[in-house]
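> need coordinates for the following:
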Amino acid sequence: MYPASFKRKLKHLSLALLTTGIISGCSEAPQQQAGFGMQPAKVSVTHVTTQSVPFNIELPATLLGNKEVEIRARVSGLIESRNFDEGQYITAGQSLFTIELKPFQLELEKAQADLHAAEANVEQAKREKNRLEKLKDERSVSKRDFDNAVSAYDIALANLESAKVALNEAQLDLDYAQVKAPVSGIIGRERESQGSYVSGPTVLLTELTDTSTMRARFGFSEREQLAMRKDVESGTLTLPKNNEFDATIILQDGSLYAKQGKVNFSDVRVNRFTGTSELQALIANPNGELRPGQFVRVQLSGAVRNEAIVVPQRAVLDNGTGKFVYVATENEKGMTVALPAPVQVGEWVQLNGENMWVIRSGLQPQQPVIVEGMARIFFPGMPVNVAAEGE
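Numbering: from 1, shown residues only. As a prediction, this is how the structure comes out:
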């Protein structure tokens, strides 16, 4: 057992050590907090400027041949022969099918015989009319007989003209028995085989497509057209002359077709089901790389967005309620901090190989927009350290 006096001294010593520890801890707390303080985020900025930039539109499109012709026979009969190989290139005027010729040749011969008979009837009626005309002058024939002779001559002339028409029709039917290509292009597969009976133009024989020039057809929404019209009226957008946009085809793999076309048609009507109006562009296709029925994307260029504010695509962020950028701003304490600025974006453009956003509203020229280091900004108003140009 320790004496009571020793216990009292030990108690006083413990209290003194505890007090010293508390004071020491209090004095070190600010130092620890200062040691773990957040440093300003290092960022890079670009100062907002205005410039004229290309205004491009990209839309889905379907390709069609310049001419897509359904081949049908104009006369009825048996298909005597098919005069082409499926898929080959056909020149205009080339025979595609031959309808059995013999019946049409016989009809032609009959029409020629009828014409000869009509010509003979005219000669006979003419002689009779002339003979009675002389007798009429001598008062040796009645006026009635002479009038009948004149009428018979006129009827013979009419029958002659009718025979000539019938001959032409027979010749035309014989010509139509050779089904010929109306245009040059690629022939499709046969729909009716040799030996089949076709009942004239109601039966489709094959299809012929002129692919030397392709048509790209696509819809353009009324809403976007109205927005463009307002921009044109305000002077912020300039369209190509006569709205003849340049058209570039983007293939399924993302590659660009080498030949560029022109928009040559814009329908005045709006489709009531889709809310779009149809446009068409013509694209040269000399090597047949483009094919009818392809689904592609068409990029329309030639318009210019005037005095536009553009910022790098990476500088525009989205917080779920809208898009914004960080602007390096000096606060009331003189520190440079990152403040969010909500923006309304327009279309994407590519300048010097970099993707950019067109900013329709929310920024003013010369504002320093942060373009690098956004990932280091953890909250609005966070202090930032703006790097010098080129760092």
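
> can I get stretch 64-77 as CSV, trimmed to CA atoms?
Output of stretch 64-77 as CSV, limited to C-alpha atoms (Å, rounded to 0.1, in the frame of the first residue of the first chain):
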residue,chain,number,x,y,z
LEU,A,64,-32.8,5.0,-106.2
GLY,A,65,-31.7,4.7,-109.8
ASN,A,66,-32.0,7.7,-112.0
LYS,A,67,-34.6,5.8,-114.0
GLU,A,68,-36.3,2.7,-112.8
VAL,A,69,-38.4,1.2,-115.6
GLU,A,70,-40.9,-1.7,-115.4
ILE,A,71,-40.6,-3.7,-118.6
ARG,A,72,-44.0,-4.9,-120.0
ALA,A,73,-45.1,-6.2,-123.4
ARG,A,74,-47.6,-4.0,-125.2
VAL,A,75,-49.1,-7.0,-127.0
SER,A,76,-50.4,-10.3,-125.9
GLY,A,77,-48.8,-13.7,-126.9
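
> so where do the helices sit in the chain?
Ranges of helices in the chain, per DSSP state H, are 4-35, 102-137, 143-176, 222-234.

> ok, which of those helices comes nearest residue 208?
helix 143-176 (16.7 Å; Cβ to Cβ). Glycine gets a C-beta too; all of them are placed from N, C-alpha and C.

> so how far is that closest one off the chain centroid?
57 Å (Cα atoms, centre = their mean, to the nearest Å).

> thinking again about what came up before, dump the helices of the chain into TSV; add mean pLDDT as well.
Conversion of those to TSV gives the following (pLDDT from 0 to 100):
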stretch	mean pLDDT
helix 4-35	42
helix 102-137	90
helix 143-176	92
helix 222-234	92
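
> save these as CSV, and put in mean neighbour count and distance to residue 68 too.
Listed next are the helices of the chain as CSV, based on neighbours: other Cβ atoms under 10 Å; distance: least, Cβ to Cβ, whole Å:
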stretch, mean neighbour count, distance to residue 68
helix 4-35, 10, 78
helix 102-137, 15, 29
helix 143-176, 15, 22
helix 222-234, 12, 28
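
> mind checking which of those is nearest residue 210?
helix 143-176 (22.0 Å).

> could you check the angle the closest one makes with helix 102-137?
Here helix 143-176 points in a direction 160 degrees away from that of helix 102-137 (axes from the mean of the first three to the mean of the last three Cα atoms, to 10 degrees).

> on contacts alone, who are the packing partners of helix 143-176?
helix 102-137 (3 or more Cβ pairs under 8 Å, 6 or more residues apart in numbering; DSSP states H and E).

> recalculate using a threshold of 10 Å.
Helix 143-176 is packed against strand 76-82, strand 95-99, helix 102-137, with contacts defined by 3 or more Cβ pairs under 10 Å, 6 or more residues apart in numbering; DSSP states H and E.
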